[in-house]
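1. Got a predicted structure plus its sequence, pasted below:
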Amino acid sequence: MMASPGKLAYFRLPPLPTVGELIKLYKLRAEKQLSQNFLFDLRLTDKIVRQAGSLRDARVCEVGPGPGGLTRSILNAGVSEVLVVEKDTRFIPGLKLLSEAAPGMLRIVHGDILTYRMDRGFPENVSKPWGEDPPNLHIIGNLPFSVSTPLIIKWLENIANRTGPFVYGRTRLTLTFQKEVAERLTASTGSKQRSRLSIMAQYLCTVRNCFTIPGRAFVPKPKVDVGVVHFTPLIQPQIPQPFKLVEKVVRNVFQFRRKHCHKGVEKLFPEVCRLELTQEMMQKADVDPTLRPTELTIPQFRALVDAYAHFCAHEPSLLSYEFREELRLKHLSKLRNRTMASQPAQHQVLNNPTE
């Protein structure tokens, strides 16, 4: 039985001014302080959208649409609705033009994606249980470099806690990053790009480096190329511990990325018990203390985090201990002591003006 013509038909935007023409029309320009770079080539924006998979009847949140080049490709992909969150008021008129060309398909929110409550952005019937397939909901964005890393860290924490855009289930993300950041997010064990971001992303998601866009494709041209990365949250995280605990262990280990991993582990503990507890933690985790941070696998990080969680359960004050804060207090103490030591000498000079 043949499908009805209506079901086969895809929405296509009517003829519109090009993105370049819109920029001239509204006298727009990229703001350097906001690290904005426009992508005019609709073949490239179509390619980004294809990395998300099928968007047929999907709901999509686009982050920072700017002049709307990527928005056009999303609207043409057979979606049911696009929610765009744009902080810069200059782009709102051009987005409203797109909204008029796609009646009922484009919702515009003037706001900051770092504070926007995406858990309220879509109806509840979009949701899928976490253990099932991902919902037909996607986050897509050509992110400004200035927000890309803090934003993905925020979303990774949301994934761990199943909050924000992940109240609907395992919402997938397709995002652009500075090429170096994209390589870190997807770096394998032992590679030079292996970093804190690699572990934090990969313990929670399947992460795929899709393709690289040359910097010359953007206006203005950035000094670096851009990588497109796709994230699918895992049903079960590879490290089943609270996000903050995982982040603390991973951050400390990677602060000395060229040294043996025990050097970073040491900084999880106060000086009075540092060496003893570090040795015990490495033994409990069964991790070779002479491995470099980049050589540690996610199962080895899991063992280290589990061992640290065991110590914290017996001594809760460890949770709030921060090595850098201890250094700061020591530095302040030294400054105070120097100031106090210099005061009698100053007093003596004042009382002996002939000297």
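-> Received, thanks. Remember, predicted model here, so these are calculated numbers, not experimental data.
2. so which helix or strand takes in T189?
-> Taking DSSP states H and E as the criterion, no element holds T189; it sits outside all helices and strands.
3. Nearest spatial neighbour of it, chain-adjacent residues omitted?
-> T297 (5.1 Å; C-beta to C-beta, 6 or more residues apart in numbering). Quick note: C-beta positions are derived from backbone N, CA and C, even for glycine.
4. Please tell me how far the one you found sits from F254.
-> 14 Å (C-beta to C-beta, to the nearest Å).
5. shouldn't F145 be in contact with K179?
-> No. Taking contact to mean C-beta atoms under 8 Å, the distance of 10.5 Å between F145 and K179 leaves them out of contact.
6. Identify each buried residue in the one helix or strand N252 maps to, please.
-> Element membership of N252, judged by DSSP H and E, is helix 243-254. Buried residues in helix 243-254, defined by neighbour count with 16 or more other C-beta atoms under 10 Å: F243, L245, V246, E247, K248, V249, V250, N252, V253, F254.
7. possible to save these as TSV with pLDDT and distance to G215?
-> Shown next, in TSV, are the buried residues of helix 243-254 (pLDDT from 0 to 100; distance: C-beta to C-beta, whole Å):
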residue	pLDDT	distance to G215
F243	98	33
L245	98	38
V246	98	33
E247	98	31
K248	98	35
V249	98	35
V250	98	30
N252	97	34
V253	98	32
F254	97	27
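8. so can I have JSON lines of the residues you listed showing distance to T186?
-> Formatted as JSON lines, these follow (distance: C-beta to C-beta, whole Å):
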{"residue": "F243", "distance to T186": "20"}
{"residue": "L245", "distance to T186": "24"}
{"residue": "V246", "distance to T186": "19"}
{"residue": "E247", "distance to T186": "19"}
{"residue": "K248", "distance to T186": "23"}
{"residue": "V249", "distance to T186": "21"}
{"residue": "V250", "distance to T186": "16"}
{"residue": "N252", "distance to T186": "23"}
{"residue": "V253", "distance to T186": "19"}
{"residue": "F254", "distance to T186": "16"}
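9. between those, which is closest to L304?
-> Taking C-beta to C-beta as the measure, L304 sits nearest to V249 out of these, at 5.7 Å.
10. elements contacting the helix holding N252?
-> For helix 243-254, the packing partners by 3 or more C-beta pairs under 8 Å, 6 or more residues apart in numbering; DSSP states H and E come out as helix 145-161, helix 196-202, helix 261-266, helix 298-314.
11. Would you work out how far apart the start and end of stretch 41-60 are?
-> Taking C-alpha to C-alpha, to the nearest Å, stretch 41-60 runs 21 Å from one end to the other.
12. Stretch 62-73 - what's its average pLDDT?
-> Mean pLDDT, stretch 62-73: 93.
13. Any regions of the stretch 251-355 of the chain where pLDDT drops low?
-> 327-335, 337-355 (pLDDT under 70).
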